[in-house]
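>>> attaching a predicted model along with its sequence, questions to come.
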Amino acid sequence: MKKIISIVSLVVVLLVLIKFYAPVLHTLSWFGNREAITTSMNHAGLWGPIVFFILFVLQVFIAFIPGQGLMVACGYLYGFWGGFLLSWLSLVVGGEIAYVLARNYGRPFAEKWIAPAVLERWNKAAAGQGIAFFAITLVMPLVPNDAMCYVAGLGTISRIRFSIANLLGRGLACIMTSAAGAFGGNLSWQGWAILIGLFVVLGVIWQIVKNKTFHVLMA
């Protein structure tokens, strides 16, 4: 019976993909096009920030929504402060939701959204870690940032400590991406100095964290 249900479900999914192939492909290309995003949000008017908020929260759960692209577009459309506050608030809310759901419903729930291998790998690395570790992993581009919210929920870090890490990590990420979107090539040398300084500091901290967790990841 289970095999029959699986086969029927697969057939239904394939038929839906064939039927809606063009709209789905268009939607995926829209997510990767900053100009298309900003044009759509301009036309959305007052609904634009609400749409951004929903997309930012959803991208914590749906992998194909590119958070960084949305963050840059948000800064480009609403300016540095508007883009920063909107993206920061949205991502923090999404991270908190993922943490709470993972904490309440456990690994089976988390594995619906994050690959089991990724969860296992980073769960080992996060064992016994605190605010600094999770804050940095929510910023670094080569780390599965959103997955770390689930890892935190499955781990031992307390809600308040994760919330602090979430605010700090997402805040740093949003500062850099909002500045890139808002100023682009018009950023002053002082602004570039601050951004470069942030990257250097984050790089140093990440090297320290990575050295501490390397053996755990390789175990």
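Noted; the coordinates are in hand.

>>> and the helices in the chain?
2-19, 21-31, 34-44, 48-59, 67-110, 116-126, 131-137, 145-154, 159-183, 189-218 (DSSP state H).

>>> any idea which of the ones you listed scores lowest on pLDDT?
Of all the helices of the chain, the minimum mean pLDDT falls on helix 21-31 (a mean of 41).

>>> measure the spatially closest residue to G83 that is not a sequence neighbour to V92 for me?
Using CB to CB, 6 or more residues apart in numbering and skipping residues adjacent in sequence, the residue nearest G83 is G75, 3.3 Å away. C-betas here are computed from N, CA, C, even on glycine. Distance of G75 to V92, computed by CB to CB, to the nearest Å: 17 Å.

>>> okay, those two: which has more neighbours?
Taking neighbours as other CB atoms under 10 Å, G75 and V92 compare with G75 leading, 27 against 20.

>>> what sits against L138?
Applying CB atoms under 8 Å, 6 or more residues apart in numbering to L138 gives the contacts G95, N145, M148, C149, A165, N166, L168, G169, R170, A173.

>>> residue contacts, the nearest residue to the fifth one once chain neighbours are set aside?
The spatial neighbour of A165 that comes closest, neighbours along the chain excluded (CB to CB, 6+ apart), is F134 at 3.7 Å. F134 makes contact with A126, M148, A152, I157, F162, A165, N166, G169, according to CB under 8 Å, 6+ apart.

>>> what's the neighbour count on the first one?
A126: 21 surrounding residues under other CB under 10 Å.
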